[in-house]
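Q: No letters, just coordinates:
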């Protein structure tokens, strides 16, 4: 009797619950929608990159800059935007930059920040010096585009070699352990420019080799450019020069062996052909032959009126504490007066 009462007091188990087909497919449906949305976003970003590239190239060509490549490839799905240009050639003002392979990469979540590389190196053709092949263990550039205003630019080369092409003039350096260039926009339409060279290998018989007896070369430059927004236009130097743009040379120095050179200037401008103009002060420290080497290589060109006396005077002076003023004009550095 007791067992019967106990059994009757227990609730009856309900019918077994079957798993809904809708419950099985909902996670896959959500995942599919996410993938489709991400894919659409990547396609949109890729099209924006192509449109921006076309606009930039059109502006450059309208300003007289030649830009061409043999093929273009955009990839990197799903998380990156990879742009590859083959046989790129950019020419303006007598300067030509060529590379067989330019690779650019940005993350999808940061499409304004690009990293560029040239694994095969590049060739720079100088207006008066001819072609120069540049190779290195690493040649990179970073480009941070702003919604408005100027971009931030950095260029870095490691273990570089410089080789003039047949028929071209020699270059001052045969190589460099490290070369950096940075461009940083600031307030009041100004921008900071920083250049650094480490472990430069001077080319025998050239200026740096004679200054330091073949010792490694190092140097750096710090400058502030006003009206810097004009430097981002297609006709950069012409517009900057016409608007009275000035470059304040705050610090520039070079060291090789026992020789030390430093240069300062309150303001340098630019001629329409891109050459710096204005006055600067050169300080030299080292062996007495330093100033004679500068004269022999045309870095300092005494003016015609006092050329002989100036050269003789500079030759007599030790370079231990020499300071001279130099006038830059038409690609030449004219000696003004010794101190």
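A: Cool, the structure landed. As the structure is a computational prediction, the values presented were derived from the model and not from experiment.

Q: now the helices: where do they sit in the protein?
A: 2-9, 21-62, 207-212, 236-242, 289-296, 307-316 (DSSP state H).

Q: Please tabulate the ones you listed in CSV, including the columns mean neighbour count.
A: (C-beta placed from N, C-alpha, C; glycine too.) Converted to CSV, the helices of the chain look like this (neighbours: other CB atoms under 10 Å):
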stretch, mean neighbour count
helix 2-9, 8
helix 21-62, 12
helix 207-212, 23
helix 236-242, 19
helix 289-296, 20
helix 307-316, 14
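
Q: got a markdown table for the ones you listed, with distance to residue 95 and mean pLDDT too?
A: Listed next are the helices of the chain as a markdown table, based on distance: least, CB to CB, whole Å; pLDDT from 0 to 100:
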| stretch | distance to residue 95 | mean pLDDT |
| --- | --- | --- |
| helix 2-9 | 98 | 49 |
| helix 21-62 | 13 | 86 |
| helix 207-212 | 21 | 90 |
| helix 236-242 | 11 | 71 |
| helix 289-296 | 26 | 77 |
| helix 307-316 | 32 | 46 |
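
Q: Can you list the low-confidence ranges for the stretch 151-300 of the chain?
A: Residue ranges of the stretch 151-300 of the chain with pLDDT under 70: 232-238, 272-274, 300.

Q: give the contact list for residue 136.
A: The neighbourhood of residue 136, defined by CB atoms under 8 Å, 6 or more residues apart in numbering, consists of 121, 157-161.

Q: Any chance of a markdown table for the helices of the chain, columns distance to residue 74?
A: Output for these, formatted as a markdown table (distance: least, CB to CB, whole Å):
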| stretch | distance to residue 74 |
| --- | --- |
| helix 2-9 | 74 |
| helix 21-62 | 5 |
| helix 207-212 | 42 |
| helix 236-242 | 27 |
| helix 289-296 | 50 |
| helix 307-316 | 58 |
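
Q: of all those, which lies closest to residue 76?
A: The minimum distance between residue 76 and those falls on helix 21-62, with 8.1 Å, by CB to CB.

Q: That closest one - contacts with which helices or strands?
A: In terms of contacts (3 or more CB pairs under 8 Å, 6 or more residues apart in numbering; DSSP states H and E), helix 21-62 is packed against strand 66-68, strand 71-75, strand 80-92.

Q: Show me the contacts of residue 136 that map onto strands.
A: Within these, residues falling in strands by DSSP state E are 157-161.

Q: Weed out the non-buried ones from the residues you listed.
A: Judged by neighbour count, with 16 or more other CB atoms under 10 Å as the criterion, the buried members of these are 157-158, 160-161.

Q: Just name the closest of the residues you listed to residue 286, please.
A: Sorting those by distance to residue 286 puts residue 160 at the head of the list, at 25.6 Å, by CB to CB.

Q: contacting residues for that closest one?
A: When the contact criterion is CB under 8 Å, 6+ apart, the partners of residue 160 are 134-136, 139, 175-177, 179.

Q: Also residue 173?
A: Shown in contact with residue 173 (CB under 8 Å, 6+ apart): 162, 200-203, 208, 217.

Q: any idea how far it is from residue 164?
A: The span separating residue 173 from residue 164 equals 11 Å under the rule CB to CB, to the nearest Å.

Q: Good, wrapping up.
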